[in-house]
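> Here is the input, now give the coordinates:
(one chain, ligands or ions: 1)
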Amino acid sequence: MTDFISVLDRMIADRKKMTSPLYQTILAGKATERLLQGFVQHRWPIKSLWTRNILGIASNIDDYRIRRLLVENIYEEETGALSNSGRHLNTFADFGAAVGVTAEQLENAPIEPETAAVVTHNVRVCNSRESHFTSGVASVLLLMEGQPPIVDGAGVSMLSVMRDIYELPEKGYEFFVHHASADEGADAVSELEDEHAEAARDLLRRYCTTDLLKAQAVDALGKALELRHRHFDMILATSYDSAEPVFRHGAGQ
Ligand SMILES: [Fe+2]
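All right, here's what the predicted structure looks like:
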């Protein structure tokens, strides 16, 4: 059992975000305005569905304690009420605004095939009866909450690069203060995310108990990892040209 969960954790670590050229480019301080705008617009359709994906999982959980943890997680996501902030998705929109993406552009965010494939996978494993919800726990919930910090070898994080290199104002980088991105060293995943990842592992220990379910969960995670990296590669391929100037907030207008 522990072994099964450590297999999932290892799969996630082996293909963590920092293994993607997209994140490497952003962390290296080489992102252009068009890349950061494309990043926000292409990530948006997936991020917008996150809370509903997790609610789909929660509806299957008969264990009150674990269901309550998921509901609290989603309540905080949707309202920011537990941390006295705001809806988390709005802070991602604020990041978008800081790099020049308008609310109208987010409402009409492009859905490329690589994005649609991720969305379709997430809905299938979390919100449909086509697969067992434990596949959703492994390939959506654990993948997100168990994501290692996005930090490069020199200790640069999404937070520090947004603040110090791209010079975003505080409102523009607030999203990264709370999401696997803080820069107090390699263990800088927030306590909340640690707790959420532990809840996902609890769920798997409790409900992913047969060889078939375990195999399906491993399959689903493998597929999710493949699809998300294709989605990341699409963003870099369609939105990046290294000949364009590197983005600086407030420059060039
Ligand atoms: Fe969040």
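> Just give me the neighbour total for Glu72.
15 (other C-beta atoms under 10 Å). Where you see a C-beta, it was placed from the backbone N, CA and C, and this is true even at glycine.
> whoops, I mixed them up, Ser48
15.
> need the contact list for it.
Taking C-beta atoms under 8 Å, 6 or more residues apart in numbering, we find Ser48 in contact with Leu89.
> any idea how far the helix or strand it falls within is from the chain center?
Per DSSP states H and E, Ser48 falls inside helix 33-58. Here helix 33-58 is found 8 Å from its chain centre; the criterion is C-alpha atoms, centre = their mean, to the nearest Å.
> Adjust the sequence numbering to begin at 27 for everything that follows.
All right, first residue 27 from here; so that's helix 59-84.
> I'd like the mean pLDDT over that helix, please.
The average pLDDT within helix 59-84 is 98.
> now the helix or strand following it against helix 59-84, angle please.
The helix or strand immediately downstream of helix 59-84 is helix 90-105, counting by DSSP H and E. Relative orientation of helix 90-105 and helix 59-84, computed by axes from the mean of the first three to the mean of the last three C-alpha atoms, to 10 degrees: 150 degrees.
> what comes up buried for helix 90-105?
92-93, 95-96, 99-100, 102 (16 or more other C-beta atoms under 10 Å).
> got the contact list for Ile100?
Taking C-beta under 8 Å, 6+ apart, one finds 77, 80-81, 84 in contact with Ile100.
> now Gly82
Counting by C-beta under 8 Å, 6+ apart, the residues that Gly82 touches are 149, 152-154, 159, 162.
> cutoff 6 Å now
152-153 (C-beta atoms under 6 Å, 6 or more residues apart in numbering).
> Who are the contact partners of Asn79?
With C-beta under 6 Å, 6+ apart, Asn79 has these contacts: 148, 152, 166.
> By neighbour count, which of the residues you listed wins?
Neighbour max across the contacts of Asn79 (other C-beta under 10 Å) = Val166, 29 neighbours.
> Leaving out chain neighbours, which residue sits closest to Asp89?
Arg232 (6.4 Å; C-beta to C-beta, 6 or more residues apart in numbering).
> any idea how far the one you found lies from Gly162?
To Gly162, Arg232 is 14 Å away according to C-beta to C-beta, to the nearest Å.
> with the buried residues of helix 90-105 in mind, which one is nearest to Ala57?
Glu102 (28.8 Å; C-beta to C-beta).
> Ser111 is in contact with that closest one, correct?
No: taking C-beta atoms under 6 Å as the definition, Glu102 is not a contact partner of Ser111, at 8.8 Å.
> Now the contacts of Asn79 in a markdown table, please, with extra columns for pLDDT.
Putting the contacts of Asn79 into a markdown table (pLDDT from 0 to 100) gives the following:
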| residue | pLDDT |
| --- | --- |
| Asn148 | 98 |
| Cys152 | 98 |
| Val166 | 98 |
